[in-house]
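Q: Next input, structure requested:
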Amino acid sequence: MNSHPLIISIIIVNFLIYALVSFAPPSFAEYLFSILILRPNTFLEVHSLKDFLFDTLALFGYGFLHLNFFHAAGNMAGLLIFGSALARTLSSSLTFLFLYLSSIGIAAINTIYQQHYSLGASGGVSGIMGALCAVTLFKPRIFRLYNPGVKGKSILSFSIFWLALNIILAVIPPQNGLIIPYTGIDLASVGWTTHIIGFFAGFVLASVLSLFPAKIFKSS
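A: Numbering: from 1, shown residues only. A predicted model of the protein is given here:
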C-alpha cells in the first residue's frame, strides 16, 4: 500500500515530538506533558485566557503525545495503513478533518463522562479506521478506483475484529498489572472506550459524507 504525503507528514511530526519529549531535559519533558496532555474537565475549569489557551493547545496536541516508542509506533502504523487509503480516496483536507474531529469528539466525551487523562493518536486513528469502513461500505467503486489492489473486505474484517476486541475490553476491563508485551503499557490503562468513540465518530461522519455527490471524493 503506497503511503500518502499528508500521512507521512503527520507521522514525522509525531515522532519528532516523541523524540523531543524523550531526549529533552526531564524538566522540559514534564512541561511538554503538562501542556499537551488532555486533562479531565477540559474547558470546564477555565478561569483565565491562559487556561483557555492551554486547554485549546491540549485539545489539538494530546494526539501527538505518546508514552513510549511502541505506543507511538503502533499508532503510526495504523495511521499509515488506514490513513493513506482514506487520504487517497477522499482528500488530504477531509482526512485531516476526520482525524481531528474524532479527536475533538473524544475530548468532549472525556470531559463529560470518562474523567481521566488522555494522550496518544489512537482515538484519531480509530476515527480514520471508522471513516474508511464507511467509504468501503457506501462508496465501494470509488474506494477501488483510488486503492487498486486493496481489498475492502479485508479492511472491514480486520476493523470488525478490532472493534469487537475493544468493546469486550471496555465492558470487561482488564485487571491492573497485565502488560502488553514489549511495550510496558498496562492493559488497564488503555482507552478502549476512546477507541470505540473515535471509530463511530469517523464512521458516522463518513456515512453522512457518502450521501453527497461522488465528485467530492477525489485524491489530492
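Q: only C-alpha atoms for contact and neighbour calcs from this point on.
A: Noted.
Q: and the most centrally placed residue in the chain, what pLDDT?
A: In the chain, the centroid-proximal residue (Cα atoms, centre = their mean) is Gly124; its distance is 1.8 Å. If you check Gly124, the pLDDT there is 90.
Q: What segments of this protein are helices?
A: All helices of the chain, identified by DSSP state H, fall at 5-23, 26-36, 49-61, 69-78, 84-89, 92-109, 122-138, 140-146, 152-171, 192-209.
Q: measure the residue nearest to the centre of the chain to Ala29 for me?
A: For Gly124, the distance to Ala29 equals 23 Å [Cα to Cα, to the nearest Å].
Q: How many neighbouring residues does the closest residue to Pro140 other than its chain neighbours have?
A: Excluding the flanking residues, the one nearest Pro140 by Cα to Cα, 6 or more residues apart in numbering is Gly152, at 7.7 Å. If you count neighbours by other Cα atoms under 10 Å, Gly152 ends up with 17.
Q: where in this structure is pLDDT low?
A: For the chain, the stretches flagged by pLDDT under 70 are 1, 41-47, 110-115, 177-178, 181-184, 213-220.
Q: at 80 instead, please
A: Across the chain, residues meeting the criterion (pLDDT under 80) sit at 1-2, 39-48, 50-51, 104-117, 173-191, 211-220.
Q: can you pull the contacts of the closest residue to Leu86 other than its chain neighbours?
A: Leaving aside its chain neighbours, Leu86 sits nearest to Leu132 (5.7 Å; criterion: Cα to Cα, 6+ apart). By Cα atoms under 8 Å, 6 or more residues apart in numbering, the residues touching Leu132 are Phe82, Ala85, Leu86, Phe203, Ala206.
Q: Check the gap between the residue nearest to the second one when sequence neighbours are not counted and Gly191 for me.
A: So the one you mean is Ala85. Using Cα to Cα, 6+ apart and skipping residues adjacent in sequence, the residue nearest Ala85 is Asn147, 6.6 Å away. Using Cα to Cα, we find Asn147 at a distance of 31 Å from Gly191.
Q: Of these two, which one has the most company?
A: Gly191 (21 against 18).
Q: What residues of stretch 8-23 count as buried?
A: If you call a residue buried by 16 or more other Cα atoms under 10 Å, then stretch 8-23 has these buried ones: Ile8, Ile10, Ile11, Asn14, Phe15, Tyr18, Val21.
Q: got those as CSV, with distance to Ser159 columns?
A: Conversion of those to CSV gives the following (distance: Cα to Cα, whole Å):
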residue, distance to Ser159
Ile8, 22
Ile10, 22
Ile11, 21
Asn14, 23
Phe15, 25
Tyr18, 27
Val21, 31
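Q: Closest one of these to Phe96?
A: Ile10 (9.4 Å; Cα to Cα).
Q: show me what contacts Phe203?
A: Gly127, Met129, Gly130, Ala131, Leu132, Cys133, Ala134.
Q: Neighbour-wise, which one of the contacts of Leu132 leads?
A: Comparing the contacts of Leu132 by number of neighbours (other Cα under 10 Å), Leu86 comes first, having 31 neighbours.
Q: any idea how far that residue is from Asn2?
A: For Leu86, the distance to Asn2 - Cα to Cα - is 12 Å.
Q: go on, Leu53?
A: Distance of Leu53 to Asn2, computed by Cα to Cα: 37 Å.
Q: ok, these two, which is more surrounded?
A: Leu53 (14 against 10).
Q: that older thread, just the buried residues of stretch 8-23 now: which is nearest Phe161?
A: Ile11 (24.9 Å).
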